[in-house]
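[1] Here is my input, please return the structure:
(chains A, B and C)
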Amino acid sequence: MKAPRLISLILVLALAFGLVSGASAQDVSGDLEIFSWWTGGGEEAGLNALIERFSELYPEVNVINSAVAGGSGVNARAVLTTRMLGGDPPDTFQVHAGEELNALWVEAGLMEPLNDIYEENGWLDDFPQGLLDLISDDEGNIYVVPVNIHRSNVLWYVPGNLEEWGVTVPADWDEFLNTTCPALQEAGVTPLSVGENWTQAHLWESVALAELGAEGYNGLWNGETNWASPEVVGVFETFGQILDCTNEDRNALTWQDASQMVAEGRAAFNVMGDWAAGYFLVDLALEPGEGFAWAPSPGTEGVFMMLSDTFGLPKNAPNPEAVRAWLSFLGTPEAQDIFNPLKGSLPANTSANIDDPELYNAYFQEAYEDWTTNVIVGSQAHGAVAPQAFTNGFANIIATFAADRDAASASASAAELALQTGVGR
Amino acid sequence: MISSLNRDRVIAFLMLLPSIVLVAIFVYGFIGWTGWTSLTNSNALQQLSGQPAQFVGLQNYTELFAGMLNNRFRIDIVNTVFFTILFIALCLSLGMGLAMLLDQQVKGESIFRTIFLFPMALSFVVTGVVWKWLFNPSSGLNVLPTFIGLQPFRFEWFISEQRWLEFNWQDLPQILAIILLGVVVLAALIAWSRKRSQLAALLAAGAILLIALISFEVPRQLNALSRPETHGFNLALFAVVVAAGWQMSGYTMAMYLAGLRGIPEELREAARVDGATELGVYRHVVLPMLAPITLSAMIILGHISLKIFDLVYTLGGGDNLWIDMPGINMFFTTFRAQEFARGAAIAMIMLIMVAVVIVPYLATQLRSEVER
Amino acid sequence: MTTQATTRPASSAQTATRHDRDMGRVIRRALIYLALIVLAILFLLPVYMVLVTSFKSIDQVSLSRMWEFPTEFTLESFRRALERLLPNVRNSFMLVIPATLISAFLGSMNGYVLSKWKFRGANVIFPLMLFGMFIPYQSILIPLVQFLRSVGLYGGLGGLILVHVVYGIPITTLIFRNYYTEVPTEMIEAGKIDGAGFFQLYWHVLLPISLPGFVVVIIWQFTQIWNEFLFGVTITGPESQPITVALQNLAGSQIVEWNVQMAGAFLAALPTLVVYIVLGRYFIRGLLAGSIKG
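    Residues are numbered from 1 along each chain as shown, chains lettered A, B, ... in the order given. Down below sits the predicted model:
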């Protein structure tokens, strides 16, 4: 008897909610072009689920999902700049919180402040202050709505496979290089899988964090750590030794390919952001804890390297009303709970239902714990701490280093690049 | 009648005028604009926020050739040189071979010709997508030999990291001087053998001067790069050469075939009557007549290889430095890194390279036409 | 030569050498055909790969069975490729048809003027025009984007059509100029004496014999514009992207469905292939015109 009543209550509530949102939805119509680089796997599924729900709320809005392929947005950003310069901005676009947003789009005055949306929805208290700082300017204008929090420094593996090969999760890179890697190579397994250029830069930042510590790593971005110092040369040296423990066909692999190598038992470990959890769960249908497991990347226990995907409203967007409706929806706990379990990320809104084990599995519960207790640093490879210009130049330094393995030269080049792009000023 | 003729002349010019104006703006105006951009510090931030660009002189160019962070551009130049040589060699030899085979009055010639030429009708993007699949190291082209009982190839194609002929960029002036020396010595020998002793003596003097310069390491001091930097022939380029050769060698075949058909049968017959073998006919009659076609083909293929973009983009994306080319670098520098001035400088260097090949060609082609 | 030899009474030694020569000839012919067939097979390998892969379903596509025939034929990948590429195929047709027709008309007009109404300075203007077809388009790309933005043509098909028409002027002009140069000047002169004007001469004298020229130019421009990528990727928005850009995007996406990619490649190649196979003669003529000497 109880259950039907509960259901009818939910129905009534849903109806009421539907009516309320339906009323506001009537004013919003036209096309809404959403620009992102989410074209595959859990991220595409998450975006599609968001769009589906948004279309229920705003049936008059015709959503155009224009996603450009290429992990971490490498190609998408090229297309985006061309379109922004061409005076043809999409209605809203994906951008990483932090310097990627601030140093270009906000600096050039191309984004609309969204403080009213935050105030209307009471989000100023719902989003962590540290995150809001990353997406605001000095005057307190907030420019984007974060949909998620990702962790960059995660080591992925399959527990059963490690047992079979007789290795354990390495605590730091020393252990990995001296014990884990030789043992796995002996067993004929790739010790660490890695993919194309940006995934190598992604691996680099985890190595740098481990070798320099959180303070030293942050120093790279606030000017306290010298890029040409012996410590940074040491990071490159370690990174080079680690590359020797990776697959040779890396430049032909996407991050999914590299993750798949772990899932299929062709490689033992992979360092990737926790969007890999979405891939393991959604695409490969693996059980967390059995089919795949995780640990902080070696030597980074207690530190959470974060990045956040956000959406904003560019000036001259063709349909700003629809964008405002979309952004107001994106920040809600409902939207965050739709998107994040599929994408494999944490909700940025603290009032989302992170405790619900139906939505967020063991990985997320644990990651959320870390997010709220660990030391937080920003990801370089994903635009949180360095501007686009630095990230682009650094991609080249990584590619060159992968070829010539000259640590001193790589460190000197990075110092020059930091100088030219104003990193650490 | 004369006045109507004059009126018609005016009409004729007016009909041509729109095209002249369009080409003047879209080709020469825009090239000038790009040239100007390459002398400034223009980038996305500066443009998006509407600040004026500042004039910086040749700074972008010196950065590209000697800047620590622009090794990618130097890789591109080296790649382009090796790619161009191999691509032209493959297309010419394959194209000429095919043309000669088809010139033997074979049955089904048109079917064969259609097969060899059809890749020309495709987009480089299609070629790239298909060959990317074929280059898969574990199962693509590499397993072909196993079908006839051989060992599979072990080559990683466009992701190979092997490199031959390594050299230090700082030694480049020295290397170029030595190559130049070789050319001068060869020219001197040829001049001498043809009894043009004055020219030979002049060239020999030049050679001695070069030897002196090289032995005192004068060219080495021309290099502005502050650190050693290794370059070389990346074997991954073979992948691009094979895919591009597959697409373009039909073109050289068509050119040669047209040339072969243009050689009067009487000439060959005359040579045969003089007792030449079939091979001899080719060596002494046919090949010399094909020389101008070879030159044309080299120039057309050369300018294509200097500009190559779509194929490499599809094969390697933007970050595979092993097969990177200036066209790709320009695209990514401009639109991803948003360094417009730097991108413009790369574009201008590409233009200069193409112009060096094309302008003399155009000039001679058109002059010979006037003489005709 | 051989007939002569047979009519002559031959000694046994002569018969032997003739026999040897015939054997040599047969072997030589056999080797020629063998070489041609082997090369043809090599040239067709990618086609084989496209076809076998695109008729497979996704679970049949695996690296280890890459060269094998599909165990069962399915059109699934074509359906999926069409689903994703159809709007772009439409864009490409809407781009190619007007751009080709306009540039053919412009080229024919320019060729007529430059071959039959030579004026002072034409010998300077023509090569300056021709140079435009060899430039790397990167060297005009940055101003082009800025220009199109300022005139409001950025992002749509209109801008792309304009760009292809403009950069098609050199080659179309060249082909028509060479074509009309072959037309005897006497025909024009006779017309002039009869009092025919500029347009009448074009309409009544040149146009009726221009069909082959138009076919060459239209095929050439159709193929070039259909296959073009750089302009397509830089100056169009997502709704107006031509097929090549969409195909590249499909190939770059994360989940590597090779069967769909191969089906997509096949679809992207089909129109130009059909044109080539049906009208190959004219295609080759355009190709050779590209090397200046018509």
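
[2] going forward, measure contacts and count neighbours with C-alpha atoms only.
    OK.

[3] And the longest helix belonging to chain A, what does it pack against?
    Secondary structure assigned by DSSP state H gives helix A:197-222 as the longest helix of chain A. Secondary-structure packing of helix A:197-222 (3 or more CA pairs under 8 Å, 6 or more residues apart in numbering or on different chains; DSSP states H and E): helix A:230-243, strand A:375-378, helix A:388-404.

[4] mind checking the SS state of A:W326?
    helix (DSSP: H, G, I helix; E, B strand; the rest coil).

[5] so what pLDDT did residue 195 get?
    Picked chain A for this. A:G195 carries a pLDDT value of 90.

[6] Sorry, I should have been clearer: chain C.
    Looking at C:G195, its pLDDT stands at 83.

[7] Then it would be within a helix, right?
    No: according to three-state DSSP, C:G195 belongs to no helix; its state is coil.

[8] So which residues of the stretch 101-250 of chain B form strands?
    For the stretch 101-250 of chain B, strands defined by DSSP state E, counting those that start in this stretch occupy the ranges B:163-168, B:230-234.

[9] Domain map for chain C?
    C:2-54, C:76-289 (automatic domain parsing).

[10] Relative to chain B, which of the ones you listed is closest?
    Across the domains of chain C, chain B has its closest neighbour in domain C:76-289 (4.3 Å, CA to the nearest CA).

[11] now do the same end-to-end measure for that closest one.
    41 Å (CA to CA, to the nearest Å).

[12] can you give me the offset of the longest helix of chain A from its chain's centre?
    In terms of CA atoms, centre = their mean, to the nearest Å, the centre of helix A:197-222 is found 15 Å from the chain centre.

[13] same check, this time on stretch C:56-74
    Distance of stretch C:56-74 from the chain centroid (CA atoms, centre = their mean) equals 31 Å.

[14] So is that stretch next to chain B?
    Yes: residues of stretch C:56-74 contacting chain B under CA under 8 Å from any CA of the partner chain: C:L63, C:S64, C:M66, C:W67.

[15] then that stretch to PDB, C-alphas only?
    Taking C-alpha atoms only, stretch C:56-74 is exported to PDB below (Å, rounded to 0.1, in the frame of the first residue of the first chain):
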ATOM      1  CA  LYS C  56      31.500  -6.200 -42.200                       C
ATOM      2  CA  SER C  57      29.600  -5.600 -39.000                       C
ATOM      3  CA  ILE C  58      31.400  -4.100 -36.100                       C
ATOM      4  CA  ASP C  59      32.000  -7.400 -34.300                       C
ATOM      5  CA  GLN C  60      33.600  -8.900 -37.400                       C
ATOM      6  CA  VAL C  61      36.100  -6.000 -37.600                       C
ATOM      7  CA  SER C  62      39.200  -7.100 -35.900                       C
ATOM      8  CA  LEU C  63      42.800  -6.600 -36.600                       C
ATOM      9  CA  SER C  64      43.600 -10.300 -36.900                       C
ATOM     10  CA  ARG C  65      41.000 -10.800 -39.600                       C
ATOM     11  CA  MET C  66      41.600  -7.600 -41.300                       C
ATOM     12  CA  TRP C  67      42.200  -9.100 -44.800                       C
ATOM     13  CA  GLU C  68      39.500 -11.700 -44.600                       C
ATOM     14  CA  PHE C  69      36.300 -11.600 -46.400                       C
ATOM     15  CA  PRO C  70      33.200 -10.800 -44.300                       C
ATOM     16  CA  THR C  71      31.600 -13.900 -43.000                       C
ATOM     17  CA  GLU C  72      28.200 -12.300 -43.700                       C
ATOM     18  CA  PHE C  73      27.600  -9.200 -45.800                       C
ATOM     19  CA  THR C  74      25.800  -6.300 -44.000                       C
END
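
[16] List the contacts of it.
    Contact with stretch C:56-74 is made by B:138-140, C:49, C:52-53, C:55, C:75-77, C:257-259, as judged by CA atoms under 8 Å, 6 or more residues apart in numbering or on different chains.

[17] Just the closest of those to chain A, please.
    Using CA to the nearest CA, B:S138 comes nearest to chain A of those, at 10.4 Å.

[18] Could you check how far B:M325 is from C:M94?
    32 Å.

[19] So for these two, which sits in the more crowded spot?
    Neighbours were counted for B:M325 and for C:M94 using other CA atoms under 10 Å in any protein chain shown; B:M325 has more, 29 against 16.

[20] That one against B:D310, yeah?
    No: contact between B:M325 and B:D310 fails when scored by CA atoms under 8 Å: they sit 10.6 Å apart.

[21] domain parsing for chain B?
    Taken from automatic domain parsing, chain B resolves into B:2-37, B:71-162+B:235-326.

[22] Reformat the ones you listed as JSON lines; add mean pLDDT and distance to chain C.
    Listed next are the domains of chain B as JSON lines, based on pLDDT from 0 to 100; distance: least, CA to the nearest CA, whole Å:
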{"stretch": "domain B:2-37", "mean pLDDT": "90", "distance to chain C": "5"}
{"stretch": "domain B:71-162+B:235-326", "mean pLDDT": "89", "distance to chain C": "4"}
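
[23] most packed of those?
    domain B:71-162+B:235-326 (a mean of 19; mean count of other CA atoms under 10 Å in any protein chain shown).

[24] quick one: that domain near chain A?
    Yes: using CA under 8 Å from any CA, domain B:71-162+B:235-326 reaches chain A at B:R72, B:E156, B:I159, B:S160, B:E161, B:D319, B:N320, B:L321.

[25] quick one: contacts of stretch C:266-283?
    Counting by CA under 8 Å, 6+ apart, B:114, B:118, B:121-123, B:126, C:50, C:82, C:89, C:212, C:215-216, C:219-220, C:222-223, C:226, C:243-244, C:247 sit against stretch C:266-283.

[26] Check the offset of it from the chain's centre.
    8 Å.

[27] how about that stretch: buried residues?
    Residues of stretch C:266-283 classed as buried: C:F266, C:L267, C:A268, C:A269, C:P271, C:T272, C:L273, C:V275, C:Y276, C:G280, C:Y282, C:F283 (neighbour count, 16 or more other CA atoms under 10 Å in any protein chain shown).

[28] swap in stretch A:210-219?
    Buried residues in stretch A:210-219, counted by 16+ other CA under 10 Å: A:A210, A:E211, A:L212, A:A214, A:G216, A:Y217, A:N218, A:G219.

[29] Dump those to JSON lines, plus pLDDT.
    Below are the buried residues of stretch A:210-219 laid out as JSON lines (pLDDT from 0 to 100):
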{"residue": "A:A210", "pLDDT": "96"}
{"residue": "A:E211", "pLDDT": "95"}
{"residue": "A:L212", "pLDDT": "95"}
{"residue": "A:A214", "pLDDT": "93"}
{"residue": "A:G216", "pLDDT": "94"}
{"residue": "A:Y217", "pLDDT": "94"}
{"residue": "A:N218", "pLDDT": "92"}
{"residue": "A:G219", "pLDDT": "93"}
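
[30] closest to A:G30 among those residues?
    Of all those, A:N218 has the smallest distance to A:G30: 44.2 Å, by CA to CA.

[31] ok, so what distance separates the closest one from A:D172?
    Going from A:N218 to A:D172 by CA to CA gives 19 Å.

[32] returning to that earlier point: the domains of chain B: which one's closest to A:W294?
    The nearest among these, by CA to CA, is domain B:71-162+B:235-326 at 28.8 Å.
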